[in-house]
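Novice: I need the structure of the sequence given here:
(4 chains)
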There are 2 protein chains.
Amino acid sequence: MSKKRKAGKRGRKAFSLPLLTVDSVLFTYHEKSLKVLLVQRSSEPETGKWGLPGGIVDIETDKDIESTALRKLVEKTSVEPPFFDQLESIGNQTRDPRGWSVTVVYTALIAHQNCEQHVSTVSDVQWFEIEEALKMKLAFDHRNIVLSARERMRQRALYSILPGYALAEKFTLSELQHLHELLIGKSIQKRSFRRRIEQAELLVDTGEKRQEGGRPAALYRLKNVSMTHRFVRNLEAS
Amino acid sequence: MSKKRKAGKRGRKAFSLPLLTVDSVLFTYHEKSLKVLLVQRSSEPETGKWGLPGGIVDIETDKDIESTALRKLVEKTSVEPPFFDQLESIGNQTRDPRGWSVTVVYTALIAHQNCEQHVSTVSDVQWFEIEEALKMKLAFDHRNIVLSARERMRQRALYSILPGYALAEKFTLSELQHLHELLIGKSIQKRSFRRRIEQAELLVDTGEKRQEGGRPAALYRLKNVSMTHRFVRNLEAS
DNA sequence: CCAATAGTGTCTATCAGACATTATCTA
DNA sequence: TAGATAATGTCTGATAGACACTATTGG
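Specialist: Model (predicted):
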């Protein structure tokens, strides 16, 4: 049971510790497609490959792992995402060529326009359409991480309107529905989608309209409850 | 961006690394109550306090963090739980007096009888009724972790029969329902509970009966699909 | 007028809640 | 017989699916 750890005040030396990193899967919706933010690695290992924004926890300056992940994300986009939460942690001997390493992964959502100004000015940070990203040879096990994050978002699209945080502050119901359809992977009945949102009172009608080829669409804003609301009954998965 | 990390082959020295531990919240159902396994700490820090079974990742022998958590759990109970999955990770400067530390937390379920033989022989490992455990002064931030794990199980009780893994191999529907009621915190309509389980074909009727004061109850066994099945419609939360 | 997009009316099917009723055991 | 626990019958209400319909814009 207590075989090794004798260590006093700072027993770090008794054990060889794994490398600890954080990674974030930041999604957005833009031009009718779901995109994920990737960063081209400039340092060892896996130099040159595209991977998730993240990095090593700095215990001198970071107060917790969430701060680390946010800090790394802000370095790449210059803004804090309105939605950000922990997905999973992956730790093993083989995922990093440097040896045993653990990464704590976060999922985040942001409006495309809210970080495009910064992203578009640098060449090593870029949005990729999700299917395209999954076809790439990503660094480390980042492809699997993106898959997990998408699956989590897919589930959420079935029982919440959390994906709305990937849209601009004001958005149309058609935009929100299409994003859900992308995540779920099938079309949704317009009536069902709108009915449940209206009944749960999750959105605020801004009164404004936006036109795009047909009848102008009402613009809505997320209420704060949208972050936590779960419908009792899900949309059908398949 | 890439300010520090210069490190070569084994760049561990460039950064001061946080302590990495795992902890498990193991639940069971026994004598009509929900119990959690706690361990009395025999080593520094927090010696003497009760806390979650867990420990430091040993990168020499563990192939991944899940193995570490399972290994630690088996050390305390001598058996592997039939359900085991990751809950969350917590990492900050203040949770451990030794300094910056990260713990990867798992939730597990096991039948009480399947580990009672070992648990009852040692004095530093013990089942506590959950409410009682939450009133205790647990080590580190373990009380908060138990709260998170319970909340996760509560959600699962609403949309699955996963809690069934905390029961013996053969169990009655009344037992399963009562466990769900403990998790959800309110009573469930018997008809609703049974109907949905029957329709989804999640259980196997063993043909055996068990009697306890009234009409004998049929004994069921979990099908493997019970691990992953999610009802489209949840039970009502409140 | 037509094309395109937004939004509504309304019927049906499913399934959880509620609660009464029947079934099977012991004492 | 009564008491206890298990199991079922059946009605109601809520809500998602399906799909036709109306509404509002531009050309």
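Novice: immediately after the helix or strand of chain A with the lowest mean pLDDT, which helix or strand?
Specialist: Ranking every helix and strand in chain A by mean pLDDT, DSSP states H and E puts helix A:113-119 at the bottom, with a mean of 90. As assigned by DSSP states H and E, the chain's next helix or strand after helix A:113-119 is strand A:125-129.
Novice: partners of that next one, with directions?
Specialist: strand A:33-40 (antiparallel) (DSSP bridges).
Novice: show me how far the strand it pairs with is from its chain's centre.
Specialist: 10 Å (CA atoms, centre = their mean, to the nearest Å).
Novice: close to chain B, is the helix or strand just after it?
Specialist: Following strand A:33-40 in sequence order, the next helix or strand is strand A:50-51 (DSSP H and E). No - if you take CB under 8 Å from any CB of the partner chain as the test, strand A:50-51 misses chain B, and the best it gets is 13.0 Å. Quick note: C-beta positions are derived from backbone N, CA and C, even for glycine.
Novice: give the partner strands of strand A:50-51 in its sheet and their orientations.
Specialist: By DSSP bridges, strand A:50-51 pairs with strand A:33-40 (antiparallel).
Novice: buried residues, the strand it pairs with. List them.
Specialist: A:33, A:34, A:35, A:36, A:37, A:38, A:39 (16 or more other CB atoms under 10 Å in any protein chain shown).
Novice: can you lay out these as JSON lines showing distance to residue A:57 and pLDDT?
Specialist: Formatted as JSON lines, these follow (distance: CB to CB, whole Å; pLDDT from 0 to 100):
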{"residue": "A:33", "distance to residue A:57": "33", "pLDDT": "97"}
{"residue": "A:34", "distance to residue A:57": "29", "pLDDT": "98"}
{"residue": "A:35", "distance to residue A:57": "27", "pLDDT": "98"}
{"residue": "A:36", "distance to residue A:57": "22", "pLDDT": "98"}
{"residue": "A:37", "distance to residue A:57": "20", "pLDDT": "98"}
{"residue": "A:38", "distance to residue A:57": "21", "pLDDT": "98"}
{"residue": "A:39", "distance to residue A:57": "17", "pLDDT": "97"}
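Novice: show me which of those residues is closest to residue B:110.
Specialist: residue A:36 (37.8 Å; CB to CB).
Novice: hey, what's the closest one bridged with?
Specialist: Going by DSSP bridges, residue A:36 forms beta bridges with residue A:27, residue A:128.
Novice: quick one, domains of chain A?
Specialist: As recorded under automatic domain parsing, the domains making up chain A are A:19-141, A:169-227.
Novice: just to revisit the earlier point, ok, the least confident helix or strand of chain A near chain B or not?
Specialist: No - Helix A:113-119 does not reach chain B (CB under 8 Å from any CB); its nearest approach is 12.8 Å.
Novice: which among the domains of chain A is found nearest to residue B:130?
Specialist: domain A:19-141 (23.5 Å).
Novice: the closest one: how far from the chain's middle?
Specialist: Per CA atoms, centre = their mean, the centroid offset for domain A:19-141 relative to its chain is 9 Å.
Novice: run through the residues that contact the nearest residue to residue A:35 once chain neighbours are set aside.
Specialist: Spatial nearest neighbour of residue A:35, chain neighbours left out: residue A:127 (4.2 Å); criterion: CB to CB, 6 or more residues apart in numbering or on different chains. Residue A:127 sits next to A:28, A:30, A:35, A:36, A:37, A:38, A:112, A:119 when contact means CB atoms under 8 Å, 6 or more residues apart in numbering or on different chains.
Novice: which among those residues gets closest to DNA strand D?
Specialist: DNA strand D lies nearest to residue A:30 out of those, by CB to the nearest atom of the strand, at 24.0 Å.
Novice: so what's the closest one up against?
Specialist: A:112, A:127.
Novice: return the set of buried residues in the longest helix seen in chain A.
Specialist: What stands out as the longest helix in chain A, according to DSSP state H, is helix A:142-159. Judged by neighbour count (16+ other CB under 10 Å), helix A:142-159 contains these buried residues: A:142-143, A:145-146, A:148-150, A:152-154, A:156-159.
Novice: near DNA strand D, which residues of chain A show up?
Specialist: A:188-193, A:195-196, A:199, A:209, A:211, A:214-216, A:231-236 (CB under 7 Å from any atom of the strand).
Novice: now stretch A:170-177, how far from the centre of its chain.
Specialist: Centre to centre, stretch against its chain (CA atoms, centre = their mean), the figure for stretch A:170-177 is 19 Å.
Novice: contact partners of it?
Specialist: For stretch A:170-177, using CB under 8 Å, 6+ apart, the contacting residues are A:29, A:161, A:163-164, A:167, A:188, A:190, A:193-194, A:197, A:206, A:208, A:210, A:217-221.
Novice: can you say which of the residues you listed are buried?
Specialist: By 16+ other CB under 10 Å, the contacts of stretch A:170-177 give A:29, A:161, A:163-164, A:167, A:188, A:193-194, A:197, A:217-221 as buried.
Novice: any idea how far residue A:142 lies from residue A:182?
Specialist: From residue A:142 over to residue A:182 the distance is 21 Å, taken as CB to CB, to the nearest Å.
Novice: oops, could you answer that again for residue A:139 instead?
Specialist: 25 Å.
Novice: pLDDT and distance to chain B added to the buried residues of helix A:142-159, as CSV?
Specialist: What follows is the buried residues of helix A:142-159, written out as CSV (pLDDT from 0 to 100; distance: CB to the nearest CB, whole Å):
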residue, pLDDT, distance to chain B
A:142, 98, 17
A:143, 98, 18
A:145, 98, 14
A:146, 98, 18
A:148, 98, 11
A:149, 98, 14
A:150, 98, 17
A:152, 98, 12
A:153, 98, 16
A:154, 98, 12
A:156, 98, 13
A:157, 98, 14
A:158, 98, 9
A:159, 98, 8
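Novice: now those residues in JSON lines, please, with extra columns for distance to residue A:20.
Specialist: Formatted as JSON lines, these follow (distance: CB to CB, whole Å):
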{"residue": "A:142", "distance to residue A:20": "16"}
{"residue": "A:143", "distance to residue A:20": "21"}
{"residue": "A:145", "distance to residue A:20": "16"}
{"residue": "A:146", "distance to residue A:20": "20"}
{"residue": "A:148", "distance to residue A:20": "19"}
{"residue": "A:149", "distance to residue A:20": "19"}
{"residue": "A:150", "distance to residue A:20": "24"}
{"residue": "A:152", "distance to residue A:20": "22"}
{"residue": "A:153", "distance to residue A:20": "25"}
{"residue": "A:154", "distance to residue A:20": "28"}
{"residue": "A:156", "distance to residue A:20": "27"}
{"residue": "A:157", "distance to residue A:20": "31"}
{"residue": "A:158", "distance to residue A:20": "33"}
{"residue": "A:159", "distance to residue A:20": "32"}
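Novice: tell me the secondary structure at the residue in chain A positioned nearest to DNA strand C.
Specialist: Residue of chain A nearest DNA strand C, by CB to the nearest atom of the strand: residue A:214 (2.3 Å). Secondary structure for residue A:214, judged by DSSP: H, G, I helix; E, B strand; the rest coil, is coil.
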